[in-house]
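Enquirer: Could you work out the structure for the sequence below:
(one chain, ligands or ions: 1)
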Amino acid sequence: MIEIPSDLNKMLETAESVAVLTGAGISAESGVPTFRGEEGLWKKFRPEELATVDAFMQNPDMVWEWYLFRRNIINEVRPNPGHYTLVEMEAYFKNFDLITQNVDGLHTAAGSKKVWELHGNIMRSKCFDCSKPFAEDIDIESGIMPVCQCGGKIRPDVVWFGEMLSAEILNKAFSVSERADLFFSVGTSAIVHPAASMPAIAKRNGAYLVEINLEPTPLSDIADCSFMGKSGEILPEIMERLKR
Ligand code: OAD
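Expert: Here you go, the predicted model:
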């Protein structure tokens, strides 16, 4: 059982606008590897070799294969209690926005409605040359990279290092962070910007900041309350408190 401090209890009772930022940690209990940490994907693969425009131009097949490998994992997994609790919270609070760095689509699969996917979605694809969405099924078995009508190579519709985030989604994420009374940062190492700046923006604008992570992060110093543990256990406990 976690102990919920009295100031957080009060915020849970009074908050009208709640925003949440999630990272790979919330999907870890579903079986999706995180990027950093002991089992992190970036320990085995260098990001600059895989998740960049240059990497795709130099070795499209390798990058495509890496994304097929991740797609394959994500195809097999299901949302966990952390994802489902955020669906319940969306129904509970007057204004609720979920900002995620995850590309796995598990928040939407769980039933969350207002999800701002900052880094895109691995299940979508688009043309590398003309950016047109590619709606056909991807044949994971064959591993063959499809080609757009324009002749361009098909790539995952995710944001790579050095690429711009969607301005529309980014602006939305900033504005919901600014107006939040209560902000949760869940399962993120909080080091990749601009996502990592959202909790601080919320705090600067008066939000009560809660962090949920297995370990301290750069955010821990400014958080009003830090819960160290699994999001799939801590979020449901917070929701239980709300229901009481
Ligand atoms: P990271 O892999 O950097 O961090 C995951 C965080 O989740 C770590 O701080 C872990 O301690 C924590 N964690 C792991 N399991 C957890 C659990 N069960 N409950 C709570 N916390 C847990 O992932 P992100 O912060 O999401 O960007 O990484 C940010 C971005 O870096 C990603 O979106 C990706 C990557 O490069 C792009 O691909 C553009």
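Enquirer: what residues does the lengthiest helix in the chain touch?
Expert: Secondary structure of the chain per DSSP state H: the longest helix is helix 60-76. Helix 60-76 is contacted from outside by 31-33, 41, 45, 49-51, 55-56, 104-106, 122-123, 128, 138, 140, 143, 145, 153, 155-156, 158, using C-beta atoms under 8 Å, 6 or more residues apart in numbering. C-beta here means a position set from N, CA and C on the backbone, and glycine is covered the same way.
Enquirer: what mean pLDDT does the next helix-or-strand element following that helix have?
Expert: Per DSSP states H and E, the first helix or strand lying C-terminal to helix 60-76 is helix 81-92. Helix 81-92 carries an average pLDDT of 98.
Enquirer: what about helix 81-92 and the ligand, touching?
Expert: No. Using C-beta under 6 Å from any ligand atom, helix 81-92 stays clear of the ligand, coming no nearer than 7.0 Å.
Enquirer: quick one: average confidence on the longest helix of the chain?
Expert: 92.
Enquirer: and it, C-alpha only, in CSV?
Expert: Taking Å, rounded to 0.1, in the frame of the first residue of the first chain, the C-alpha atoms of helix 60-76 are listed here in CSV:
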residue,chain,number,x,y,z
PRO,A,60,16.9,1.2,-44.9
ASP,A,61,16.6,-2.6,-44.6
MET,A,62,18.3,-2.7,-41.2
VAL,A,63,16.1,0.1,-39.8
TRP,A,64,13.0,-1.5,-41.3
GLU,A,65,13.9,-4.8,-39.8
TRP,A,66,14.4,-3.2,-36.3
TYR,A,67,10.9,-1.6,-36.5
LEU,A,68,9.4,-4.9,-37.6
PHE,A,69,11.0,-6.6,-34.6
ARG,A,70,9.4,-4.0,-32.3
ARG,A,71,6.1,-4.1,-34.1
ASN,A,72,6.1,-7.9,-33.6
ILE,A,73,6.5,-7.5,-29.9
ILE,A,74,3.8,-4.8,-29.7
ASN,A,75,1.4,-7.0,-31.7
GLU,A,76,1.6,-9.6,-29.0
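Enquirer: what about that helix and the ligand, touching?
Expert: No. Figure legend: helix 60-76 not in contact with the ligand (C-beta under 6 Å from any ligand atom); closest approach 10.1 Å.
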